[in-house]
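**Student:** Show me how the following folds:
(2 chains)
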There are 2 protein chains.
Amino acid sequence: MQRLSNHDKVYKCWLRYAAVTDPEKLQDYRKWCGELVSPAAAGVVLESAVEELQQGILSMIGMGPQNSQSPSASHYILLGTRGQSKAIDEALSSLSASSADSYILKTLPLDGRKCLLAAGRSDRGTLYAAFHLLRLMQMGSTLEDLDIQESPLNGLRMINQWDNMDGSIERGYAGQSIFYENNRIISDLSRIKDYARLLSSTGINGISINNVNVHHHETLLITQPQLSEVARVAEVLRKYGIVTFLSVNFASPMQVGGLLTADPLDEEVRTWWKNAVKEIYRVIPDFGGFLVKADSESRPGPFTYGRNHVDGANMLAEALQPYGGTVIWRCFVYNCQQDWRDRSTDRARAAYDHFTPLDGGFHDNVILQIKNGPMDFQVREPVSPLFGALPSTNQVLELQIAQEYTGQARHVCYLVPQWKEVLEFDTFARGEGSDVAKVVSGSLFGGKLGGIAAVSNIGNDANWTGHVLAQANLYGFGRLSWNPQLTSEQIAREWIYLTFGTEPKLVEVILNILLNSWQTYENYTAPLGVGWMVNPDHHYGPNVDGYEYSRWGTYHFADRDGIGVDRTVKSGTGYTAQYPKPHADRYESPDTCPDELLLFFHHVPYTHKLRSGKTVIQHIYDTHFAGAEQAASFLESWLTLEGSMDAQQFENVRGRLQEQAQHALEWRDQINTYFFRKSGIADEHGRTIY
Amino acid sequence: MQRLSNHDKVYKCWLRYAAVTDPEKLQDYRKWCGELVSPAAAGVVLESAVEELQQGILSMIGMGPQNSQSPSASHYILLGTRGQSKAIDEALSSLSASSADSYILKTLPLDGRKCLLAAGRSDRGTLYAAFHLLRLMQMGSTLEDLDIQESPLNGLRMINQWDNMDGSIERGYAGQSIFYENNRIISDLSRIKDYARLLSSTGINGISINNVNVHHHETLLITQPQLSEVARVAEVLRKYGIVTFLSVNFASPMQVGGLLTADPLDEEVRTWWKNAVKEIYRVIPDFGGFLVKADSESRPGPFTYGRNHVDGANMLAEALQPYGGTVIWRCFVYNCQQDWRDRSTDRARAAYDHFTPLDGGFHDNVILQIKNGPMDFQVREPVSPLFGALPSTNQVLELQIAQEYTGQARHVCYLVPQWKEVLEFDTFARGEGSDVAKVVSGSLFGGKLGGIAAVSNIGNDANWTGHVLAQANLYGFGRLSWNPQLTSEQIAREWIYLTFGTEPKLVEVILNILLNSWQTYENYTAPLGVGWMVNPDHHYGPNVDGYEYSRWGTYHFADRDGIGVDRTVKSGTGYTAQYPKPHADRYESPDTCPDELLLFFHHVPYTHKLRSGKTVIQHIYDTHFAGAEQAASFLESWLTLEGSMDAQQFENVRGRLQEQAQHALEWRDQINTYFFRKSGIADEHGRTIY
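**Tutor:** Have a look, this model is predicted:
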């Protein structure tokens, strides 16, 4: 593991605050940023805002603002929160949204001076305003006539760490944990602070700091002495407006408490949890709550006791309720001991079948966390039909920033476009326009709690994410969770400006790579939504039959004639019926099913004509040749950037793109060869298939 | 890990020395075994012989023989070695063979008494005579009129432990190492003593005690302080006539010695090895020598320095020569970074291509160790063409008792029939009758050194081998290495008698399972010699494409039309030409190639008619249905033995056969489904294929 100093650009990510070189902008910024007025007795979050502004401004314009309680310069920054002064309250009154995290950035004349007001409805909102101001400066925006109002569309904007206390990270591809080593919370918390800065700057306000698969040591995090260590971490995160959650082991009352059961209806068990929660809040008063993976992939849960998810989640919710805590209950529940011979069981159906009957039964402080697709973070799958099917239940969308099935930080795969597709998917739950973004924000059904969570992609690698371009996914997730209406390109541009600068050619090259990377990855991997053609366990690299005869419910059923999973009502598993019309009808027929999902819903001959006009087999060949070429072109275009950026950034990406280009050939050839051997159908263009 | 006491039958294996219950035999044995005459000043090996006789006889007939230096009873056992007395020398003079390990067991009148002479040409031979006598008694043979002369057909009868010092065993399926734990030689050597007794009783006379892949800690075994620990082990083994070898790291001069090279022609390197060897012999005067895996699967070797195997082996040989030590140099050398797209490189060719040009270049105390087949311990592969192709080089045959590819001690697979086929394979090197047994014994080419080595299957499981029936493979290897002319059934019967007793029904059931187990395993796994349809890395369980797109050179090339590897001269890799006529011709044509090896040598359509009259595809279906049925029948017949043996023996085998029966269904269905999907050809008998 290479450890670099925090002066490195790859470490600073999008908070590098490069020196402003344009003389006009420098003059403008120096004019505005000479003085920073903020309240004397600020809380920790406001203190962070002041600190960020001072350091960021110093770094960019070579001078830090003078701190004061009342202005003396002609231009000044006024940092504050609702209730602090009449002028701030007046300015904030125009803020329509109700979120406490909202803020304004506004230039206005005040008492004969020019004031740049950065103010939030809460200290956290104010911190976001400060980060926004810094972002504007990094991107070279003018500060004249600012009139920005921002309010997050999601209440919960959360990161899930899948970190284990031994320092490993489940599905982590960027080194070891920054939270733990040797089964303890790490002693030096400075990197956690820098992580909090990165997250907070994009609007993240919650984090669960341990793996949802809660093993032995991690089970003890909710009790002393580990709990006080968690409190140390929570204190660091709190300063950046981030609330700490823990993943818990449903069997804790047995494993930690020594009880003979973890039955959620057992009084002793309920009391045990209440006492445990009480102690947590004594130590961490603003604790967020629990993230729970129960009765899933062999984790303990209420099923053992003949109880259901409602029983399990509500028990924890009742313990957390007095303190304002939340239970986030994952819906990733399916039979992972399936027989590949059994074609009637369909893993895709599982979450919907398990949870829709329970709608309305969960307490107000329970949120169900639903993965974007019905399977598991494949490069392409349909949107989970569970969204829109739980009108009386709080919901959170779960995404994965870690690229478990999309290149593992060794291939570039900018995932924002994928996430956008999910968020824009219309559930039709309240008629047209009922998109997933509205479902999970709570606005569609009027749910109290909602938002988006995502599995982190960071570790203790010098550049945090293994692949420098994978920083864009962490950044993009934060920005998108704040505002799902941002476009993929907007976010990518922002990230490039902040990370590499605004030189047009550089921006064009990187933008082109990012925006085409998901499609490229899809091109050379599993075709047409069928998924799962990866090596078992580690999930890296091609293996067409890797999951074909396994217990995981992940099959493609390719034979010499055709391929795909029949999930129709007419002749298959009936999964299409979990969708409302018009999706149900569209997916049910191979004629109307979108090409990119055809094999997810249908078993068709290789000669089946896609809507694109190509046959399935020719599509496979064409996309795989194209995908490998695209991967090669990424490298080629990257090489033109040598010298136009920091050498560490350049070399990291160069190395990864080189591996990707090489590995894409392996994907191309294995997939093409597999299907050529099986179908016997030659490529129309006579290209080499081995 | 279940640890049982050494009083357990599963622990005692074939040395359980059950009490004789037949009154007539008991009388006979008591008559002969009342007195044991042996020399007063015996060496350690002879001491072991005395100890074995006393304990074994006591256990069988309830009374130990009285020890004396001169006979007083009417009948007595006379234990001794050549040179001890005139009578013994006279008796031994009739022993034709020249091996020092040979012995006689003979009843004769001597000085008015009846003497049962157990005498060897060396103390080790005498120990073997003692074990033989005990074996006769366990099997219920009469001791009257004994006139047995035994002489091993192989000089070296060797076991290779693949044990690592962390306690793990590479390809071990019976627990952890009995030699090491926590990167040290184990402190309590009593289990090693019992292992030595088991090995010695079958005729094993050499053992390498660490993995051929020599990692960090193991590299240090040849130096102090570890060397003195090795000496402790060697002392235990020495008492049972077993010579200790070590696997060495070719890069030791760098890793241990701090030199900048391991070039075998470098004087410093050569001196380093000479000094290292000198120290070894100071501590272990009868040290056997080095086992070396070099330039194989990323292990260091002479290639790094532009040298060849002769340079490497001879350097070590020169260091060992003054002390009578031997270098055993493995021929398992091939390109393990192959591209699956490249059909011209053929791993099967590798050993022959590497080593035949070097014939005659190796020193007298170098032995090349050659795996039985050209690939790697598959359930079926042809015999390596290297046997017979090195007339001027010492050779040892390498077998694998550990069932890496043949069920891993979870399936029963009695391997003696497979080994017999190898030993009986005619190399035609000196005309007809030049079988492998003669090649490796040294008798064909007049080689000084030769024999058979095998990878052990034992660990610290209570029963040593995981599966009680797998003890038969360890026993069988020892017996076969002593005398390759024994039949599979002879050996199996002996082992059953010694392990379970002689009850006819019990013998019949177990014999039936053992003798049919290899064919059964072959039936439900990879068909017709094609091999490698296993899960990568751990090698357990079916995965038809598991090695198809890998770097290991292990492909089947199955497509919708056919399957197999074309290794012919006419159109393939030319591998068939490595064999002499008539093998070359027989393998070259699909019409004459033995069915069981067809897909090893030829790529044929699924509709190709085998010599059996069946098509390839129907053969696949038939053997897989049959194999699974046979596996089920093993369990069924075993269940009839309940109560007729020790409960631990019974339960262990019952559990394993149950897993096998279940797992054979998985093999059957995956293989059949794979080929049905690919070929589209229905089973003639309409059985269920998924």
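
**Student:** Of all residues in chain A, which one is nearest the centre?
**Tutor:** Nearest residue to the geometric centre of chain A (Cα atoms, centre = their mean): residue A:454, 3.1 Å.

**Student:** Look up how far residue A:422 lies from it.
**Tutor:** 11 Å (Cβ to Cβ, to the nearest Å). Every residue, glycine included, has its C-beta placed from N, CA and C.

**Student:** so what sits against both of those two?
**Tutor:** Common contact partners of residue A:454 and residue A:422 (Cβ atoms under 8 Å, 6 or more residues apart in numbering or on different chains): residue A:399.

**Student:** any idea how far residue A:387 lies from residue A:672?
**Tutor:** Distance of residue A:387 to residue A:672, given as Cβ to Cβ: 35 Å.

**Student:** One more: residue A:363?
**Tutor:** To residue A:672, residue A:363 is 52 Å away according to Cβ to Cβ.

**Student:** and if you look at residue A:26?
**Tutor:** Distance, residue A:26 to residue A:672, using Cβ to Cβ: 55 Å.

**Student:** out of the two, which sits in the more crowded spot?
**Tutor:** residue A:672 (23 against 15; other Cβ atoms under 10 Å in any protein chain shown).

**Student:** Once you drop chain neighbours, what's closest to that one?
**Tutor:** Leaving out its chain neighbours, the residue that sits closest to residue A:672 by Cβ to Cβ, 6 or more residues apart in numbering or on different chains is residue A:689, at 4.7 Å.

**Student:** Could you look up the SS state of the one you found?
**Tutor:** coil (DSSP: H, G, I helix; E, B strand; the rest coil).

**Student:** what's near enough to touch it?
**Tutor:** Residue A:689 neighbours (Cβ under 8 Å, 6+ apart): A:621, A:669, A:672-673, A:676, A:682-683.

**Student:** What of residue A:556?
**Tutor:** Contacts of residue A:556 by Cβ under 8 Å, 6+ apart are A:526, A:530-533, A:544, A:548, A:563-565, A:599.

**Student:** Please identify the buried residues of stretch A:429-444?
**Tutor:** Residues A:429, A:434-442, A:444 are the ones in stretch A:429-444 that count as buried (16 or more other Cβ atoms under 10 Å in any protein chain shown).

**Student:** Other residues contacting that stretch?
**Tutor:** By Cβ under 8 Å, 6+ apart, the residues outside stretch A:429-444 that reach it are A:153-155, A:383, A:387-389, A:391, A:394-397, A:422-428, A:445, A:448-452, A:484-485, A:580.

**Student:** which among the residues you listed end up buried?
**Tutor:** Buried by 16+ other Cβ under 10 Å: A:153-155, A:383, A:387-389, A:394-397, A:422-423, A:425-428, A:445, A:449-452, A:484, A:580, out of the contacts of stretch A:429-444.

**Student:** Identify those among those that sit within helices.
**Tutor:** Mapping these onto helices (DSSP state H) picks out A:422-423.

**Student:** Now do the helix or strand hosting residue A:677: which elements does it pack against?
**Tutor:** Counting by DSSP states H and E, the element that carries residue A:677 is helix A:647-679. Judged by 3 or more Cβ pairs under 8 Å, 6 or more residues apart in numbering or on different chains; DSSP states H and E, the packing partners of helix A:647-679 are helix A:9-12, helix A:504-524, helix A:616-639, helix B:647-679.

**Student:** those helices in the stretch 251-400 of chain A, which residues are they?
**Tutor:** Applying DSSP state H, counting those that start in this stretch to the stretch 251-400 of chain A gives helices spanning A:252-255, A:267-283, A:309-320, A:350-355.

**Student:** I'd like the distance from stretch A:161-171 to the chain centre, please.
**Tutor:** Chain-centre distance of stretch A:161-171: 17 Å, with Cα atoms, centre = their mean, to the nearest Å.

**Student:** returning to what we had before: specify which member of the buried residues of stretch A:429-444 is nearest to chain B.
**Tutor:** Nearest to chain B among the buried residues of stretch A:429-444, counting by Cβ to the nearest Cβ, is residue A:436 at 36.6 Å.

**Student:** can you count the residues close to the closest residue to residue A:349 other than its chain neighbours?
**Tutor:** Nearest residue to residue A:349 in three dimensions, chain neighbours excluded: residue A:575, at 5.1 Å (Cβ to Cβ, 6+ apart). Residue A:575: 27 surrounding residues under other Cβ under 10 Å.

**Student:** need the residues of chain A near chain B, please.
**Tutor:** Contact residues, chain A versus chain B (Cβ under 8 Å from any Cβ of the partner chain): A:340-341, A:542-545, A:549, A:558-561, A:666, A:669-670, A:673-674, A:676-680, A:690.

**Student:** Put the buried members of those residues into a ChimeraX selection.
**Tutor:** Selection of buried members from these for ChimeraX, criterion 16+ other Cβ under 10 Å:
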select /A:340,542,543,544,545,549,558,559,560,666,669,670,673,674,676,677,678,679
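
**Student:** So which bits of stretch A:104-116 are buried?
**Tutor:** When burial is assessed from 16+ other Cβ under 10 Å, stretch A:104-116 yields the following buried residues: A:104-108, A:110, A:113-116.

**Student:** No further questions, thank you.
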